[in-house]
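> build me a model from this:
(3 chains)
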Amino acid sequence: MSNRSLSSVVKLSILSVVLAFTSNVYADPVKAAFVYIGPTGDHGWTFAHDQGAKYVKEMMGDDVIITTVESVEENSDSERVITSLARKNDIIFTTSFGYMNPTVKVAARYPNVKFEHATGYMRPTDNISTYSARFYEGRHVIGKIAGRMTKNNVIGYIASFPIPEVIRGINSAYLAAKSVNPDIEMKIVWVYSWYDPGKEADAANALIAQGADILMQHTDSTAPMTVAEEKGVYAFGQASNMREWGKNAQLTGIIDDWGPYYLERVQAVKDGTWTSTDVFHGVDSGMVKFAPMNKSMPKDIRNEASRAIIDLSMGKIHPFTGPINKQDGSPWLAEGETPPNYPDLLTMDFYVEGIEAKYPN
Amino acid sequence: MIKLIPRVENSTVMVLLSPLLALTLTALSAYLIFVFVLVDIPVSSVFFTLFVEPLIDSYYFSELLVKAAPLMIIGLGLSIGFRAGIWNIGAEGQYVMGGIAGSAVGLYFYNVEALWLLPLMTIAGILGGMFYAGIAAFLRIKYQVNEILVTLMLTYVAVLFLSAMLQGPLRNPSGFNFPESRIFHDSAMLPIIWEGTRLHIGLIVAIILSFVAWFGIKKHMFGMQIKISGSAPRAAKFAGFDDNKTVWYSLLISGGLAGLAGLFEAAGPAGQLTPGLPQFYGFTAIIVAFLARLHPVGVLFSALLIALSYVGGENVQIEYNLPSSITQIFQGMLLFYFLACDILIKYKVVSFKTKN
Amino acid sequence: MNESLFINIIIGISIASVPLMFAAIGELLVERSGVLNLGVEGMMIVGALLGFVVMSHTQNPYLAVLAAMAGGMAIASIFAFLTQFLLTNQVATGLALTLFGLGFAAFAGRGYTEETIQLITAVPIPYLSDIPYLGPLLFSFNPLVYLAFFMVYLVWWFLFRTKQGLILRAIGDNHDAAHAIGHNVVRYRVMAILFGGAMAGIGGAFLSLVQVPIWGEGMTAGRGWIALGLVVFASWQPFRIIFGAILFGGITILQIHAQGLNINVSAQYLSMLPYLATIVILVSLRMRLKNKTNRTVPNCLGRIFHSTT
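Model prediction:
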């Protein structure tokens, strides 16, 4: 054994002794707090996070005390809410992009509290983690189903705001649909809202009128699903299982399953093992799940979708595998190439080749 | 039967008693809600969290002041205009425009660190608000168009304009394409006046302005003009006051102050321009102005009261895991009671028997 | 563009416009009486909730619509009591009403976010709806759509063809004079406010009973505020509410369709248009009426009335 490795062994053991004494293993219940952008009853984004919080409580019981605050606006109020929570909690999950700067500021002032910011990218202090899910993997699966199930070859996509996450979803779904159905066309409508059931329904109706017989949504209400059910077209649940609103319409749904991640992080605080991480999990770790497939789907399509889910979970396929060109024809990925998270995926601001809609500006 | 008889002079006793009565009624209603609807909540500790904790805990107190400062500044401007009978209800739009204009200056000089930057942003913010309210003043003078309606319409436009700016020219070029501006540098940020909190110089500005306004209304000719124009427009004309001047001054002052508040919010607690800038401050300030009975110094107190309902309500939500709607219900009731109890100041309530 | 797409756009516009039409025609009557109620959003959301709740329990669309009206009236009565009897400022009270209504509906409706109901669907009028072109365009709508048009007519008829309507307008223009000749200002205004509440209630319920079979807090998403703009746009003329609602609702729908058809539009700038148009209309209205005594803006709008006698 060389001198160098010996010294590192010594260092490590000293470190572990120090850690054992200093790391605060919690005897008391861990106090975990969640900040939500919408009401917990939206059945979309916030609902899914709240299910995650409930899961933590269910699994840890008396070992955790959970506080949730809903409908916190993404303005200077959010910094106060986060600070108020930081004064009394051990770990805080801020579950919307707009909380990024407030989270960063509060984290700097409360070094002993752990912060977990969803969908953001800033971790200037070592008590912040960021986490997000590769929802575009979910979009890949529903894209394949849509490509097979559509009769008109038109997919209607109800989008919220042109931010990278939404763009990734559109591109991924389009590429997957195109891979099984070269004639596919995707119509995209931006409603500039995360939650406006009336407008989402208007968009769904318009898309159906323009020939879409299968709907995808990246907004939070169940309205598009109800329209699909009423009009007899297909749709996919968003963030949670929306079968209740579309018994015939919902083919499957992308489910955001934050529960296991939340449990792991809260447990890590309890065990004193929490460290700052940047998580971008997908189907493989179960952060992106699927609602049960509709029995009305032909068996081979269900099998194909299941195949895709299995391949994604084993890392065998990547929804963005070259050759892929950008909408203007300029090359993005070469044959067999997959994009890095940064900058390609995390800052995505272009449609891929084949999408006819204009990129919103 | 009960009848209202106008008092010859506003009752000074009631000026003090009516807010107390309103608070008592609010507390009573809140109590009933907590006892009958939210059965397992300990009422007395809820009350403590709601009304007392924000006043005695230094952090919450600082936040109370942070929340109150923009309400004070906007409410102050509105109270001057309302006195003159000029109904600017679009302060929200002027606030947003001020925020955009001031932030745009700050972002234009993004790489500059200089003492003049913040004052320049402030001036841009004020001018932005003034310009926006000035549209309503111009239309009212030139075409006699009702300013209530113009200012309200322009508010919607301002909010959409903010959204367009953040998708376009003012978006952070290295912000992963999210609709937010860059974060301001220190020299574009308001100085903090209470170390360790977010309390910025806006509070001091608000207090100074409120006394200046008070003095102005009492001593200055313009104050007189405004007062008479509001209460007796005809008399004002006879006295030779220039009607147009009143309109211009009222709207420019209230618009400028709203713009100032917008810039202070962006360069203060927010530290950047985001789509979350409009937070109903412009509308809430209307309520603030009325709770203060349009008194410039009273605005300071009514802004604190409204801020208390926000901060306290939020704490109750956090502490007892209550839905956010409880805070809204509570605020609605608080305002109802305060507005209602004010009648006791101007009117005497007498009961009399109806003749058969 | 094919025929069915055209018809679908028309139906889409009707669905987007009708909530605005209901809320605006109610507010129009209120403003004609000289009262400015900024609480439309609050009344709409309470209507949306109550309509949905009653529908989910009774499956009876008539009861649901009545409940929505009652809900809107109930919350409007708070406004009526405060502004008409306790003489509070209308702007401030209306804002408080919006806060209260949104909070109340969100709280009371918490148990209903999991539910779904049977929508009130369109009822094509027999025979008439079979006429080519005209049938689907005119006779195949939801019954509440026809009701909205009827209410506009009714309000016009009331205001300009009845004695009470004349009195109401007189009160809105000069409450002191109207009072002096013996009209009960407060009674007229209270009635108008309650009517406004009922209409806002149906307008809200249209969202939760016709457009989407769900309830969610904040689902009115600012439509009450648009309705306020619409009244001004219509310059207090009932029939112009129809055009205004079609314009305001139509811009949303056309913009959505344009996106689907890959026509490049800027959502934000396009959405500003109705509001800017409203201001232009206000100005042109004034220019036209400059020399006439007939002024359409109710002169007493927002002013407090108190009689000493």
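> give the buried residues for the lengthiest helix in chain C.
Using DSSP state H, we find that the single longest helix of chain C is helix C:3-32. Applying a neighbour-count criterion of 16 or more other Cβ atoms under 10 Å in any protein chain shown, one finds C:5, C:7-32 buried in helix C:3-32. (Glycine included, C-beta is placed from N, CA and C.)
> which strands or helices does it pack on?
On a contact count with 3 or more Cβ pairs under 8 Å, 6 or more residues apart in numbering or on different chains; DSSP states H and E, helix C:3-32 meets helix A:197-209, helix C:40-58, helix C:134-138, helix C:143-161, helix C:163-173, helix C:185-206, helix C:223-233, helix C:238-260.
> quick one: is the fifth one near chain B?
No - using Cβ under 8 Å from any Cβ of the partner chain, helix C:163-173 stays clear of chain B, with a minimum separation of 13.4 Å.
> CA-only coordinates of that helix, as CSV, when you get a sec.
Extracted in CSV, the C-alpha atoms of helix C:163-173 (Å, rounded to 0.1, in the frame of the first residue of the first chain):
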residue,chain,number,x,y,z
LYS,C,163,-91.5,52.9,-16.4
GLN,C,164,-89.3,51.2,-13.8
GLY,C,165,-86.4,51.1,-16.2
LEU,C,166,-86.8,54.8,-16.8
ILE,C,167,-86.8,55.5,-13.1
LEU,C,168,-83.7,53.3,-12.7
ARG,C,169,-81.8,55.2,-15.3
ALA,C,170,-82.9,58.5,-13.8
ILE,C,171,-81.6,57.3,-10.4
GLY,C,172,-78.3,56.4,-12.0
ASP,C,173,-78.0,59.8,-13.6
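> mind checking the pLDDT average for it?
Helix C:163-173 carries an average pLDDT of 94.
> can I get whatever helix or strand comes next after it as CSV, trimmed to CA atoms?
Sequence order places helix C:175-180 as the next helix or strand after helix C:163-173, per DSSP states H and E. Output in CSV follows, covering the C-alpha atoms of helix C:175-180 (Å, rounded to 0.1, in the frame of the first residue of the first chain):
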residue,chain,number,x,y,z
HIS,C,175,-80.1,60.2,-7.5
ASP,C,176,-80.8,63.4,-5.6
ALA,C,177,-83.3,64.5,-8.2
ALA,C,178,-84.9,61.1,-8.5
HIS,C,179,-85.2,61.0,-4.7
ALA,C,180,-86.7,64.5,-4.7
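> among the helices and strands packed on helix C:3-32, which is the most enclosed?
Comparing these by mean neighbour count (mean count of other Cβ atoms under 10 Å in any protein chain shown), helix C:40-58 comes out on top with a mean of 29.
> how far away from the center of its chain is the helix or strand where residue B:102 lies?
Residue B:102 is part of helix B:91-108, with elements assigned from DSSP H and E. The chain centroid and the centroid of helix B:91-108 are separated by 17 Å under Cα atoms, centre = their mean, to the nearest Å.
> ditto for stretch A:353-361
For stretch A:353-361, the distance to the chain centre is 23 Å (Cα atoms, centre = their mean).
> same check on stretch C:215-222?
For stretch C:215-222, the separation from the chain centroid amounts to 16 Å (computed by Cα atoms, centre = their mean).
> if we can go back for a sec, now the longest helix of chain C and helix C:163-173, what's the angle there?
On the basis of axes from the mean of the first three to the mean of the last three Cα atoms, to 10 degrees, helix C:3-32 is oriented at 70 degrees to helix C:163-173.
> any residues of chain B in contact with chain A? List them.
Residues of chain B lying near chain A (Cβ under 8 Å from any Cβ): B:59-60, B:63, B:66-67, B:163, B:167-168, B:176-180, B:183, B:198, B:265, B:268-272, B:274-277, B:279, B:310-311, B:314-315, B:317-318, B:321, B:323-324.
> contacting residues around the residue lying closest to residue C:147 once chain neighbours are set aside?
Distance criterion Cβ to Cβ, 6 or more residues apart in numbering or on different chains; nearest residue to residue C:147, sequence neighbours excluded, is residue C:202 at 7.6 Å. Taking Cβ atoms under 8 Å, 6 or more residues apart in numbering or on different chains, we find residue C:202 in contact with C:22, C:47, C:51, C:65, C:68, C:69, C:72, C:144, C:147.
> let's see it at 6 Å
C:22, C:68, C:69 (Cβ atoms under 6 Å, 6 or more residues apart in numbering or on different chains).
> ok, back up a step: which stretch in the helices and strands packed on helix C:3-32 has the least confidence?
Going by mean pLDDT, the lowest-scoring of the helices and strands packed on helix C:3-32 is helix C:134-138, which has a mean of 74.
> any bit of that helix sitting next to chain A?
No - applying Cβ under 6 Å from any Cβ of the partner chain, one finds helix C:134-138 out of contact with chain A, separated by at least 12.7 Å.
> convert that helix to PDB, retaining C-alpha atoms only.
C-alpha atoms of helix C:134-138 as PDB (Å, rounded to 0.1, in the frame of the first residue of the first chain):
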ATOM      1  CA  LEU C 134     -78.500  28.200 -40.500                       C
ATOM      2  CA  GLY C 135     -79.500  25.200 -38.400                       C
ATOM      3  CA  PRO C 136     -76.200  24.500 -36.800                       C
ATOM      4  CA  LEU C 137     -75.300  28.200 -36.700                       C
ATOM      5  CA  LEU C 138     -78.500  29.500 -35.000                       C
END
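> so residue B:347 touches residue B:4, yeah?
Yes - using Cβ atoms under 6 Å, residue B:347 is in contact with residue B:4, at 4.2 Å.
> so residue A:155, which state does it fall into?
When classified by DSSP: H, G, I helix; E, B strand; the rest coil, residue A:155 comes out as strand.
> around chain C, which positions in the stretch 151-300 of chain A sit nearby?
So far as Cβ under 6 Å from any Cβ goes, the stretch 151-300 of chain A lies against chain C at A:187, A:189, A:192, A:196-198, A:201-203, A:205-207, A:209-210, A:221-223, A:226, A:245.
> ok, the stretch 1-150 of chain B next?
B:89, B:143, B:144, B:145, B:146, B:149, B:150.
> and the residue in the stretch 151-300 of chain C that chain B sits nearest to, what does it touch?
Residue of the stretch 151-300 of chain C nearest chain B, by Cβ to the nearest Cβ: residue C:268 (3.8 Å). If you count contacts by Cβ under 6 Å, 6+ apart, residue C:268 has them with B:160, B:163, B:164.
> okay, those residues in TSV with distance to residue A:166 next?
TSV is the format used below for those (distance: Cβ to Cβ, whole Å):
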residue	distance to residue A:166
B:160	20
B:163	16
B:164	18
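> good, we can wrap up now.
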